[in-house]
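# Predicted coordinates and the sequence they were generated for:
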Protein chains: 2
Amino acid sequence: MVLVRAEPRGRRTQWLRGVLDLAVLALLAETGEDYGYTLLQRLAKAGLPDVQAGTLYPLLNRLAADGLVRAEWRAGAGGPGRKFFALTDEGRTALTERGAEWTDFARNAVALVERGMRA
Amino acid sequence: MVLVRAEPRGRRTQWLRGVLDLAVLALLAETGEDYGYTLLQRLAKAGLPDVQAGTLYPLLNRLAADGLVRAEWRAGAGGPGRKFFALTDEGRTALTERGAEWTDFARNAVALVERGMRA
DNA sequence: CCAACTAGTAGGTCTCGCAAACTAGTGGGT
DNA sequence: ACCCACTAGTTTGCGAGACCTACTAGTTGG
């Protein structure tokens, strides 16, 4: 069978790299716990739209493998079973440390680009 | 011969993806033109340190191939020849359009992460 | 039965890091 | 003169990681 490969959806997808995990950790920090499907919707609302399910689920597994989140399966109450994720202590530490580095980096990059746009 | 592979330098390297080209375009917009070696130093000063030469030069070639910059070789005054790069009209357009998208995205991501850190 | 939910896998792509080669001048030691 | 080390610059090959698309597959409610 021939896999017809569509165009990748451009630069925006590159910007997620290395930020998406922080974004997920941040969402979990806000609500205590959540599962994949609604995380996708919350990401979209937070201004990171179009994150693919096939991107998020492996990411959640990576986070769990790294010990930053813990997973718990619960049978569905009005729907299929859901796998809830919650921050571990290690996850919270990672969020604060890496989060600070990210905001530093992002602010520098935004400042640079804006200077260039004004020039 | 065995290639000993060093650890990649962590998450920061992912953050460059899709931003480094904007950063370079922005630097060129500020000064009109520049060449690779000094661009590396200016990137470091702008808060994007440790960009590798082997990363920047292929990037400059990509930008040239895409018509966003034009290259001009000049014989060296006190050193080897230098390849100067300058924005094209298309490059300036790309900078303003993509730059606005980037700052949008980055601000959303920073806001989200900071909310999570405070929670 | 269909639509909305929910989770997962396989394979591919792209951009980056690392390492090293290569070219050209400059200055020091012998 | 000659060699060497150092700085300034550019280029290229290989490898890796995190994302994408496409596809699979289950459950529940109208």
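Structure received.
# burial of A:Glu72, as a residue count?
Using other C-beta atoms under 10 Å in any protein chain shown, A:Glu72 has 11 neighbouring residues. Where C-beta positions appear, they are placed from N, C-alpha and C, glycine not excepted.
# which residues in chain A form helices?
Ranges of helices within chain A are A:11-15, A:20-31, A:36-45, A:53-65, A:89-118, based on DSSP state H.
# what's the closest of those helices to DNA strand D?
Among the helices of chain A, the nearest to DNA strand D by C-beta to the nearest atom of the strand is helix A:53-65 (2.7 Å).
# how about that closest one against DNA strand C, any contact?
Yes. Using C-beta under 7 Å from any atom of the strand, helix A:53-65 reaches DNA strand C at A:Ala53, A:Gly54, A:Tyr57, A:Pro58, A:Leu60, A:Asn61.
# where in chain A is pLDDT low?
Across chain A, the ranges flagged by pLDDT under 70 are A:1-9, A:76.
# Can you pull up the most central residue in it?
Using C-alpha atoms, centre = their mean, the residue of chain A that lies closest to the mean C-alpha position is A:Leu20, 3.1 Å off.
# Enumerate every residue touching that residue.
A:Leu48, A:Val51, A:Thr55, A:Leu56, A:Leu59 (C-beta atoms under 8 Å, 6 or more residues apart in numbering or on different chains).
# So which of the residues of helix A:53-65 next to DNA strand C wins on neighbours?
A:Leu60 (21 neighbours).
# In this model A:Ala71 seems to touch that one, though I could be wrong.
Yes. The pair formed by A:Leu60 and A:Ala71 meets the contact definition of C-beta atoms under 8 Å, at 7.4 Å.
# shared neighbours, these two?
Jointly contacting A:Leu60 and A:Ala71 under the rule C-beta under 8 Å, 6+ apart are A:Lys83, A:Phe85.
# The closest residue to A:Gly116 other than its chain neighbours and DNA strand C, how far apart?
The shortest distance from A:Gly116 to any non-neighbouring residue, by C-beta to C-beta, 6 or more residues apart in numbering or on different chains, is to B:Ala26 (2.4 Å). Using C-beta to the nearest atom of the strand, to the nearest Å, B:Ala26 is found at 14 Å from DNA strand C.
# now A:Thr31
As for A:Thr31, its distance to DNA strand C is 14 Å (criterion: C-beta to the nearest atom of the strand).
# now swap in A:Ala75 and tell me
In terms of C-beta to the nearest atom of the strand, A:Ala75 sits 11 Å off from DNA strand C.
# got it, and A:Arg92?
The value you get for A:Arg92 to DNA strand C, if C-beta to the nearest atom of the strand is used, is 22 Å.
# what does A:Thr93 give?
In terms of C-beta to the nearest atom of the strand, A:Thr93 sits 24 Å off from DNA strand C.
# likewise A:Leu40?
For A:Leu40, the distance to DNA strand C equals 8 Å [C-beta to the nearest atom of the strand].
# repeat for A:Gly67
A:Gly67 sits at a distance of 17 Å from DNA strand C (criterion: C-beta to the nearest atom of the strand).
# and that residue, what is it in contact with?
A:Thr88, A:Glu90, A:Gly91.
# follow-up on the earlier one: kindly reformat the contacts of A:Leu20 as a markdown table containing neighbour count and distance to DNA strand D.
Listed next are the contacts of A:Leu20 as a markdown table, based on neighbours: other C-beta atoms under 10 Å in any protein chain shown; distance: C-beta to the nearest atom of the strand, whole Å:
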| residue | neighbour count | distance to DNA strand D |
| --- | --- | --- |
| A:Leu48 | 22 | 9 |
| A:Val51 | 19 | 6 |
| A:Thr55 | 14 | 3 |
| A:Leu56 | 17 | 7 |
| A:Leu59 | 18 | 5 |
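# Name the residues of chain A found near DNA strand C, please.
Checking chain A against DNA strand C by C-beta under 7 Å from any atom of the strand, the hits are A:3, A:5, A:8, A:14, A:35-38, A:53-54, A:57-58, A:60-61, A:76, A:78-83.
# Thanks again, I'm all set now.
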